[in-house]
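Chemist: Structure of the sequence below:
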Amino acid sequence: MVMRISSKMMFDTGISQLSTLQASLARTQQQLATGRRNLAPSDDPIATARALELTQSKEINTQLVTNRLNARGSLSQEEVALNSTTQLLQDIKTLAVSAGNGSLTNDDRESLAVELEGRLQDLLGVANTADGAGGYMFSGYKSSLPFALTATGANYQGDQGERELQVGSSRKVAISDSGASIFENNLTGNGTFQTGADPANYARGGSGIISPGSVTDFAALTGHQYEINFAVVPETPGVPKAVTYTVTDLTLNQPVPANPNPPDPIPYASGQTIEFDGLQFDVKGDPADLDRFTVEPSTKKSIFETVRETITALRSDGAGAAGQARLTNLLNQVNANVDNASDNVLAVRASVGARMKELDYLDSAGEDLNIQYASTLADLQDVDTIQAISQFTQQQISLEAAQKSYKTLTSLSLFNYIG
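Modeler: Predicted coordinates for the structure are as follows:
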């Protein structure tokens, strides 16, 4: 049986084929124009879903790059402030050492005190450095001014917070440090214990100078408070002057060593080491009768308080052996405290440097991730240009052939042959 093909069917079939070929050609042309293989999610749902996940991850990685840039800016600003603090502490230490010169007069020391007041204002300015975002670098989570000068030092008005920023997919980095941890929490003395002289020694005419001391055996340390009391038997005809001392554990209220009781006085020799309970120090000079020195565990002190104490010490009378001894004892404490403050600032600077180094590593890892994301997205989304161009040329030839054949087919008619 022969199927009859109507003119309508012939036209409809030709139009359908042409439409299909044109749609395929248009799709290939769009792939070439956009560079994308999948023009709609329905083209490859799995690849589209995976590409969406990777795109989101890539955008997060891009945001982390921005976060690291902001973190590096904050840490760089803090490094500048800490460097200024280090330089100011060095200046303060230099002035304190100069003030110990026995040839200086009270007027000379007053000039140094005035200069120290300027350094104190400079130090306050650094501690109150703005962060460029409407707050202050060392105020913690608060936005108020961190420090306000007082008669004895400075009052910290911030908190202990350290602002953090997400700089990695699972890593946050502190971009600030609290002012308390830098300017307030500085150990006194040698970091384990602090020696001191009774202020009344000056009135008694004593010129004894106690050293900062050191630890000889950490295991033997007690953390107790001690007192060294001097007794002086003046020289009499036929009897030389005798200077002795006793050590008392104020925490236990007993002599050191505990036996005998009462303790035998220990002969004093200027500069001779005094050692007990894992610590040692010496006393030089000429202590007066009833002069007293103390040894107590190190505490934490504000650097502003230390500078204030230095200024007060410089304005005290340093004339005579007793005055010079009082000044030297005070300056020894100041120098030790300034050294501890400098060490603390250097430790914070080292921490800042470590964080900035970590940001460098995270930047390198982030760049590698971006390359990986781009490569994977290209595999999922990008069209093979060479293949697409070949396909486009083939489809174009096919469409032109179809158009020509359609034109020829639709022009066939018996009326052309009837004369």
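Chemist: start to end distance for stretch 152-167?
Modeler: Stretch 152-167 stretches 41 Å from its first residue to its last (C-alpha to C-alpha, to the nearest Å).
Chemist: Can you give me the pLDDT of the residue nearest the centre of the chain?
Modeler: Nearest to the geometric centre of the chain sits V352, at 3.6 Å (C-alpha atoms, centre = their mean). Note on V352: pLDDT of 92.
Chemist: need the contact list for it.
Modeler: Contacts for V352 (C-beta atoms under 8 Å, 6 or more residues apart in numbering) come out as L75, E78, E79, L82, D177. Using the backbone N, CA and C atoms, a C-beta is placed for each residue, glycine as well.
Chemist: Looking at these, point me to the pair that's furthest apart.
Modeler: Spatial extent of those (C-beta to C-beta) is set by the pair E79 and D177 at 11.0 Å.
Chemist: If you count surrounding residues, which of these two has more?
Modeler: Each of E79 and D177 has its neighbours counted (other C-beta atoms under 10 Å); D177 has more, 23 against 16.
Chemist: which SS class is that one?
Modeler: coil (DSSP: H, G, I helix; E, B strand; the rest coil).
Chemist: I figured it hits E162, correct?
Modeler: Yes. Taking contacts as C-beta atoms under 8 Å, D177 lies within contact range of E162: 6.0 Å.
Chemist: how near is the residue nearest to the centre of the chain to L123?
Modeler: Going from V352 to L123 by C-beta to C-beta, to the nearest Å gives 18 Å.
Chemist: repeat for R349
Modeler: 16 Å.
Chemist: For the two, indicate the residue with more neighbours.
Modeler: L123 (22 against 19).
Chemist: what residues are up against the more buried one?
Modeler: L123 sits in contact with T85, L88, L89, I92, I303, F304, V307, where contact means C-beta under 8 Å, 6+ apart.
Chemist: one more time with 6 Å
Modeler: L88 (C-beta atoms under 6 Å, 6 or more residues apart in numbering).
Chemist: Could I get the CA-only coordinates of the host helix or strand of it as PDB?
Modeler: Assessed by DSSP states H and E, L123 sits inside helix 106-127. Coordinates of each C-alpha in helix 106-127 appear next as PDB, following Å, rounded to 0.1, in the frame of the first residue of the first chain:
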ATOM      1  CA  ASN A 106      67.800  68.200  92.600                       C
ATOM      2  CA  ASP A 107      67.200  70.700  89.800                       C
ATOM      3  CA  ASP A 108      68.800  68.300  87.300                       C
ATOM      4  CA  ARG A 109      66.400  65.600  88.400                       C
ATOM      5  CA  GLU A 110      63.500  68.000  88.200                       C
ATOM      6  CA  SER A 111      64.300  68.500  84.600                       C
ATOM      7  CA  LEU A 112      64.300  64.800  84.000                       C
ATOM      8  CA  ALA A 113      61.000  64.600  85.800                       C
ATOM      9  CA  VAL A 114      59.400  67.200  83.500                       C
ATOM     10  CA  GLU A 115      60.800  65.200  80.500                       C
ATOM     11  CA  LEU A 116      59.300  62.000  81.900                       C
ATOM     12  CA  GLU A 117      55.900  63.800  82.200                       C
ATOM     13  CA  GLY A 118      56.100  64.400  78.500                       C
ATOM     14  CA  ARG A 119      56.900  60.700  77.900                       C
ATOM     15  CA  LEU A 120      53.900  59.800  80.000                       C
ATOM     16  CA  GLN A 121      51.600  61.900  77.800                       C
ATOM     17  CA  ASP A 122      53.100  60.300  74.700                       C
ATOM     18  CA  LEU A 123      52.600  56.800  76.200                       C
ATOM     19  CA  LEU A 124      49.000  57.700  77.000                       C
ATOM     20  CA  GLY A 125      48.500  58.900  73.400                       C
ATOM     21  CA  VAL A 126      49.700  55.600  72.000                       C
ATOM     22  CA  ALA A 127      47.600  53.600  74.500                       C
END
